[in-house]
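> Provided below are the primary sequence and the corresponding predicted coordinates.
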Amino acid sequence: MLATLSDNFPWIILAFAIIHAGLFSWLAIAYQQKSKRLGAHLENLVRGFSSRSDTDRTRSVDDDINMFLADLQDVIRNPAKLHELEDLRTRLIYKDEARPYLKTASFERVYSLSRTLIEIYPLLGILGTVLAIGCGLAAQANASPESGAAIDAVVKNFGNSIWSTFMGLLFAVIYMILNAFWEPSFQRLMEHQANVREIITAAKCRLSEGAARTPVP
């Protein structure tokens with residue numbers, strides 16, 4: 001059984017890498033969807049306000065989210081915009097039911113798993129090498145020196161160990177580069193969601209306090 005495992009270990013690492021690629025593909029798609037959904041949600045909240053930033057198709061979704069957050073903070077912090085505060089309060093009541101900025105657990109969990117898996121590839125390579133060496137030594141011990149089977153076993157398992165090490169290091173490098181490319185975008189999305197959560201929570205508290213202080217006619 002160990003010999004079969006050793007022979008197929010490079011393919012096991014390849015299968016592991018394909019599953020890992022599926023996780024990164026899911027993250028890339030989820031990032032695009034969540035960013036657009038969050039940007040559309042914020043745009044609905046600040047649409048029509050006097051401090052509304054001009055839209056620009058050349059801007060990225062991250063830039064749009066930053067602009068919408070700035071518009072939202074401007075409305076909240078400006079005491080001269082009382083009528084817009086009331087309008088914002090109404091929008092938060094009726095348009096903030098979905099709360100896309102709260103749905104982050106699955107994305108963060110998958111991203112944390114994907115980053116951790118990168119560190120496993122060198123360990124898999126070492127494990128495959130140890131298995132190959134162990135199988136080679138066992139085959140050498142069980143084979144008669146005159147038959148030449150011992151040398152064949154050592155050569156075969158040495159090849160398996162080289163391929164396991166190569167596959168482990170190769171995919172570790174590939175996914176380190178892939179993670180370095182996507183990490184800033186994924187981190188920004190999680191920061192945007194955290195910022196929106198804090199800002200909208202503070203906005204609701206302030207607007208509720210303002211509504212409580214407003215005398216009833």
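Here it is on my side, so go on.
> what helices or strands is the helix or strand harbouring Asn66 leaning on?
Using DSSP states H and E, Asn66 falls within helix 61-77. Under the contact definition 3 or more C-beta pairs under 8 Å, 6 or more residues apart in numbering; DSSP states H and E, helix 61-77 sits against helix 2-46, helix 82-95, helix 149-213. (Glycine included, C-beta is placed from N, CA and C.)
> give me the angle between that helix and helix 2-46.
40 degrees (axes from the mean of the first three to the mean of the last three C-alpha atoms, to 10 degrees).
> quick one: helix 61-77 to helix 149-213, angle?
30 degrees.
> closest to Glu108 out of the helices and strands packed on helix 61-77?
Glu108 lies closest, by C-beta to C-beta, to one member of the helices and strands packed on helix 61-77: helix 149-213, at 6.4 Å.
> state the mean pLDDT of the closest one.
Averaged across helix 149-213, pLDDT comes to 77.
> neighbours of Glu183, how many?
Residues within reach of Glu183, counting by other C-beta atoms under 10 Å, total 12.
> roughly how far does it sit from Gly128?
28 Å (C-beta to C-beta, to the nearest Å).
> sorry, back to before: can I get the helix holding Asn66 in CSV, CA atoms only?
Output of helix 61-77 as CSV, limited to C-alpha atoms (Å, rounded to 0.1, in the frame of the first residue of the first chain):
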residue,chain,number,x,y,z
VAL,A,61,-15.3,49.3,-7.7
ASP,A,62,-12.9,49.8,-4.8
ASP,A,63,-12.6,53.5,-5.7
ASP,A,64,-16.4,53.8,-5.9
ILE,A,65,-16.9,52.3,-2.5
ASN,A,66,-14.4,54.7,-1.0
MET,A,67,-16.2,57.6,-2.6
PHE,A,68,-19.6,56.4,-1.4
LEU,A,69,-18.2,56.0,2.1
ALA,A,70,-16.9,59.6,2.0
ASP,A,71,-20.3,60.8,0.8
LEU,A,72,-22.0,58.9,3.6
GLN,A,73,-19.7,60.3,6.2
ASP,A,74,-20.1,63.8,4.9
VAL,A,75,-23.9,63.6,5.3
ILE,A,76,-23.6,62.2,8.8
ARG,A,77,-21.0,64.7,10.1
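> and the pLDDT at Phe68?
So, for Phe68, pLDDT stands at 71.
> whoops, Lys103 was the one
Looking at Lys103, the pLDDT reads 73.
> one more: Asn78?
For Asn78, the model assigns a pLDDT of 67.
> ditto for Leu27
For Leu27, the model assigns a pLDDT of 93.
> redo the helices and strands packed on helix 61-77 as TSV? Include distance to Cys135.
Formatted as TSV, the helices and strands packed on helix 61-77 follow (distance: least, C-beta to C-beta, whole Å):
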stretch	distance to Cys135
helix 2-46	5
helix 82-95	63
helix 149-213	5
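> looking at those helices, which is closest to Glu119?
Of the helices and strands packed on helix 61-77, nearest to Glu119 by C-beta to C-beta is helix 149-213, at 7.8 Å.
> what's the closest one packed up against?
Packed next to helix 149-213, using 3+ C-beta pairs under 8 Å, 6+ apart, are helix 2-46, helix 61-77, helix 82-95, helix 105-118, helix 120-142.
> now render those helices as CSV, adding distance to Ala172.
Shown next, in CSV, are these (distance: least, C-beta to C-beta, whole Å):
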stretch, distance to Ala172
helix 2-46, 10
helix 61-77, 29
helix 82-95, 45
helix 105-118, 6
helix 120-142, 4
